[in-house]
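Enquirer: generate coordinates for the sequence data below:
(chains A and B)
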There are 2 protein chains.
Amino acid sequence: MYVLVVYDVGEKRVAKTLKFLRTYLNWIQNSVLEGELTESQILKVKNGLNKIINPYEDSVIIFSSREKRWLSKNIIGREKNPIDNFV
Amino acid sequence: MYVLVVYDVGEKRVAKTLKFLRTYLNWIQNSVLEGELTESQILKVKNGLNKIINPYEDSVIIFSSREKRWLSKNIIGREKNPIDNFV
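Expert: Down below sits the predicted model:
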């Protein structure tokens, strides 16, 4: 599945959250990562996040789409990460 | 169309970018908004952003999906904006 993750976590947990998410996904913008994951990988991401974040302060939204072609992507301005390809 | 916008703009342009995007979309998390827009509204959003942002420094990504049901949304942790409903 195509997965898009946006996170808003306390400063103390930013580095750990980003490092963890990078093991599964490609960074595309500040606090935004995307990638192609299986259902079981998505579950691992959710479980991992639950161990890192503070559920009373932090928020992570995981968007997923069965087919990547169902979601189109337009960039206005600068492409922050031209190295990682859109999956 | 269901539209999701994530922005990463210079500090000086954050307030203006957010204010502009809020006229079309609902804020759901830091630097993330979503909503249901027509093709012509999406064009207005793109044109408006081009007037606000610095294309060499800032980046705004607009994701769109013809059917909102094609994209599922999971929140880990706190729901930052429980007032706006998911469109």
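Enquirer: mind checking the pLDDT average for the biggest helix by length in chain A?
Expert: Counting residues, the longest helix found in chain A (DSSP state H) is helix A:39-52. The pLDDT scores in helix A:39-52 average 97.
Enquirer: residues of it that come out buried?
Expert: Residues of helix A:39-52 classed as buried: A:Q41, A:I42, A:V45, A:G48, A:L49, A:I52 (neighbour count, 16 or more other C-beta atoms under 10 Å in any protein chain shown). Backbone N, C-alpha and C define where each C-beta goes, glycine included.
Enquirer: which ones are touching the last one?
Expert: The neighbourhood of A:I52, defined by C-beta atoms under 8 Å, 6 or more residues apart in numbering or on different chains, consists of A:V9, A:R13, A:K16, A:T17, A:F20.
Enquirer: equivalent analysis for the fifth one, please.
Expert: Applying C-beta under 8 Å, 6+ apart, we find A:L49 in contact with A:T17, A:F20, A:L21, A:V60, B:I76, B:G77.
Enquirer: returning to what we had before: make TSV out of the buried residues of helix A:39-52 and add distance to A:K68.
Expert: Converted to TSV, the buried residues of helix A:39-52 look like this (distance: C-beta to C-beta, whole Å):
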residue	distance to A:K68
A:Q41	15
A:I42	14
A:V45	17
A:G48	23
A:L49	22
A:I52	26
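Enquirer: going by distance to B:R69, which of those residues wins?
Expert: Nearest to B:R69 among these: A:I42, at 17.8 Å, using C-beta to C-beta.
Enquirer: so what sits opposite the residue lying closest to A:P55 once chain neighbours are set aside in the bridge?
Expert: The shortest distance from A:P55 to any non-neighbouring residue, by C-beta to C-beta, 6 or more residues apart in numbering or on different chains, is to B:G77 (4.6 Å). Beta-bridge partners for B:G77, by DSSP bridges, are A:S59.
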